[in-house]
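A.B. asks: what would the 3D arrangement of this be:
(chains A and B)
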Number of protein chains: 2
Amino acid sequence: VFERVAIVGVGLIGGSLGLALRERRLARSIVGIGRNQATLDRALARHAIGEAFTEVGPGVAGADLVVLCTPISRILHDLEALAPVLAPGAVITDVGSTKSEIAAAGDRCYPDGRFVPGHPMAGSERSGVDAARAELFMEATWALTPTAQTDAEALSNVRSLAAAVGARVVRLTPAEHDEAVAVTSHLPHVLAYALAAVAGSRAGGSPHLYDLAAGSFTSGTRVAHSDPALWREIALSNRDALLSALRESADQTEAVIAALEARDGDALETAFRRGYEAVEKSPA
Amino acid sequence: VFERVAIVGVGLIGGSLGLALRERRLARSIVGIGRNQATLDRALARHAIGEAFTEVGPGVAGADLVVLCTPISRILHDLEALAPVLAPGAVITDVGSTKSEIAAAGDRCYPDGRFVPGHPMAGSERSGVDAARAELFMEATWALTPTAQTDAEALSNVRSLAAAVGARVVRLTPAEHDEAVAVTSHLPHVLAYALAAVAGSRAGGSPHLYDLAAGSFTSGTRVAHSDPALWREIALSNRDALLSALRESADQTEAVIAALEARDGDALETAFRRGYEAVEKSPA
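C.D. replies: Below you'll find the model as predicted:
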């Protein structure tokens, strides 16, 4: 049980964390910090937080756990801003979608190792505190990516938090995390935006286009509803791993293009079968 | 009401059509034709069909409506094989995923215009007669793509059938259909196979890869479970339209790659926003 948990950024993840902490009585008090008073008011009304601040400095005062639940650029900013003001012994963690850049910044700002880089895999195409729910983390994977510098007790505290809200904790290095999510999260978002863009560019000249949208189109474009400004940050922050995943995906598509151009049915089936066999073997 | 409907190919679509016809009393008798006796037995046991034949010739004898529900190559084969044996006045239609090649074959084999090319958009990642259900076509789009040669009464009969099982009928040319489904069905399948293949090629070296699979990965690879041999046929049959859609999709991905290489955040956001705005405006 934490004395006072400060959640910076009360959206889907931050709000859900507040609800989960309160429901399971894991914190004596829960503070929400955000720049938008209306969002804070909704979080208060939903009892996702018990107190609200619009400034991080006063907001984290006296907190023994600080959780950064904002977009990546804000996490990087707050890591630096909060280092001088955190209470002695306080632990700080984050939920950012990429880990290498954030873990490096954490090492720089917290030489005592009290920063624990983390990433609960519990998004949704819905966002904001109105979509928050206490059960969001149940059965979800919560990646923790400590560095050589991370304090063992700080890591253990954050691990307990993740487990207490129902998540399965997976420990890996920041680089391993970023290479994995480049494929399992970032690439699917880029492909969804691309698919939606192709349809959009043709919808004008093809009046029945969306009438002929199959289930494959709906699933394939589901995450194209995600905020482009947020995904700009994520993509830039995971540039190298995402570039590698994108190039491999482009190679797969080029193989299909070449097979079609050559009317080579065997090559086409081989290309499709690579994906089919991978997905049939995967636990996902 | 039809006297005798012959369904060639009793899988998800053919089986569901049989169930829907029986439940709504739209046919006095329903005949199923397939090469696999075990499948026919399951269709009989589910009452999706009332009689079963393993040969198309005897199977369609006396039928006033024949519905071809097999893969494309088999549809093309049966269009030719059945032309000399159909009962006078019988109407023939199909449910194939592409329409230009099939409509051309139909025009060639049925100069009297009794073939009506069609495509109910009612797939599922599940297949086979065990997944069949009478409600499959409810609210689904059923595309009809008559040619200049198609007989008006034959078209009207098939339109009534589609409407009677709950589908919304959309009429368009075979080429319009194929250009639309290249984007709304075939491209998403190719992208799903590509995404799954990239993950598969990395899963060995990245032990936690699938632990970090987000919802975007699950939706993005859902249709990679589809049969590669079936999709080989569909892709080849819609070669030109699919090539065009694939090239446009590759251009979108290349734009993201170039923006990432240049660390150009604005270009990245512009690329993502194209997809975001298309999907926000789409009715899908």
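
A.B. asks: going forward, measure contacts between C-alpha atoms and count neighbours the same way
C.D. replies: Fine.

A.B. asks: let me see the contact set for the residue nearest the centre of chain A.
C.D. replies: In chain A, the residue lying closest to the centroid (C-alpha atoms, centre = their mean) is A:Ser97, at 3.6 Å. Shown in contact with A:Ser97 (C-alpha atoms under 8 Å, 6 or more residues apart in numbering or on different chains): A:Ile72, A:His119, A:Ile234.

A.B. asks: how about the first one, nearest residue that isn't a chain neighbour?
C.D. replies: I take that to be A:Ile72. A:Gly96 (5.9 Å; C-alpha to C-alpha, 6 or more residues apart in numbering or on different chains).

A.B. asks: pretty sure that neighbour is touching A:Ala122, no?
C.D. replies: No - applying C-alpha atoms under 8 Å, one finds A:Gly96 not in contact with A:Ala122, separated by 11.4 Å.

A.B. asks: tell me which of these two has more neighbours.
C.D. replies: A:Gly96 (22 against 19; other C-alpha atoms under 10 Å in any protein chain shown).

A.B. asks: any idea how far stretch A:213-220 is from the middle of the chain?
C.D. replies: 24 Å (C-alpha atoms, centre = their mean, to the nearest Å).

A.B. asks: can you tell me what sits against it?
C.D. replies: A:191-192, A:195, B:121-124, B:181, B:184-185, B:188-189, B:192, B:219-220, B:222-223, B:284.

A.B. asks: for stretch A:176-188, buried residues please.
C.D. replies: A:176-188 (16 or more other C-alpha atoms under 10 Å in any protein chain shown).

A.B. asks: repeat for stretch A:116-135
C.D. replies: Neighbour count says stretch A:116-135 has A:116-124, A:128-130, A:132-135 buried, by 16+ other C-alpha under 10 Å.

A.B. asks: could you dump that stretch to PDB, C-alpha only?
C.D. replies: Output in PDB follows, covering the C-alpha atoms of stretch A:116-135 (Å, rounded to 0.1, in the frame of the first residue of the first chain):
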ATOM      1  CA  VAL A 116      11.500   2.500 -13.200                       C
ATOM      2  CA  PRO A 117      10.700   2.600 -16.900                       C
ATOM      3  CA  GLY A 118       7.400   0.700 -17.700                       C
ATOM      4  CA  HIS A 119       4.700   0.200 -20.200                       C
ATOM      5  CA  PRO A 120       1.300  -1.500 -19.600                       C
ATOM      6  CA  MET A 121       0.000  -2.900 -22.900                       C
ATOM      7  CA  ALA A 122      -3.500  -1.800 -22.200                       C
ATOM      8  CA  GLY A 123      -4.500   0.700 -24.800                       C
ATOM      9  CA  SER A 124      -7.800   1.000 -26.600                       C
ATOM     10  CA  GLU A 125      -9.000   2.900 -29.600                       C
ATOM     11  CA  ARG A 126     -11.000   4.900 -27.000                       C
ATOM     12  CA  SER A 127      -9.000   7.400 -25.000                       C
ATOM     13  CA  GLY A 128      -9.500   9.900 -22.200                       C
ATOM     14  CA  VAL A 129     -10.700   9.600 -18.600                       C
ATOM     15  CA  ASP A 130     -14.300   8.900 -19.700                       C
ATOM     16  CA  ALA A 131     -13.000   5.500 -21.100                       C
ATOM     17  CA  ALA A 132     -11.100   4.700 -18.000                       C
ATOM     18  CA  ARG A 133     -12.000   1.600 -16.000                       C
ATOM     19  CA  ALA A 134     -10.500  -0.200 -13.000                       C
ATOM     20  CA  GLU A 135     -10.300  -3.500 -14.900                       C
END
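
A.B. asks: burial measure for A:Glu55, as a count.
C.D. replies: Counted with other C-alpha under 10 Å, residues neighbouring A:Glu55 total 13.

A.B. asks: that one is in contact with A:Ile33, isn't it?
C.D. replies: Yes - using C-alpha under 8 Å, A:Glu55 is in contact with A:Ile33, at 6.7 Å.

A.B. asks: ok, now which ones touch A:Ala271?
C.D. replies: With C-alpha under 8 Å, 6+ apart, A:Ala271 has these contacts: A:Gln252, A:Ala255, A:Val256, B:Tyr193, B:Ala194.

A.B. asks: before we move on, which element is A:Leu21 in?
C.D. replies: helix A:12-23 (DSSP states H and E).

A.B. asks: would you mind pulling the contact partners of that helix?
C.D. replies: Contacts of helix A:12-23 (C-alpha under 8 Å, 6+ apart): A:7-8, A:27, A:30, A:43, A:47-49, A:69, A:122-123, A:126-136, A:165.

A.B. asks: buried residues, it. List them.
C.D. replies: By neighbour count on 16+ other C-alpha under 10 Å, the buried set for helix A:12-23 is A:Leu12, A:Ile13, A:Gly14, A:Gly15, A:Ser16, A:Leu17, A:Gly18, A:Leu19, A:Ala20, A:Leu21, A:Arg22.

A.B. asks: Serialize the residues you listed to CSV and add fields for pLDDT and distance to B:Ala278.
C.D. replies: CSV is the format used below for the buried residues of helix A:12-23 (pLDDT from 0 to 100; distance: C-alpha to C-alpha, whole Å):
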residue, pLDDT, distance to B:Ala278
A:Leu12, 95, 24
A:Ile13, 96, 27
A:Gly14, 97, 29
A:Gly15, 97, 29
A:Ser16, 97, 30
A:Leu17, 98, 32
A:Gly18, 98, 34
A:Leu19, 98, 34
A:Ala20, 98, 35
A:Leu21, 98, 38
A:Arg22, 97, 39
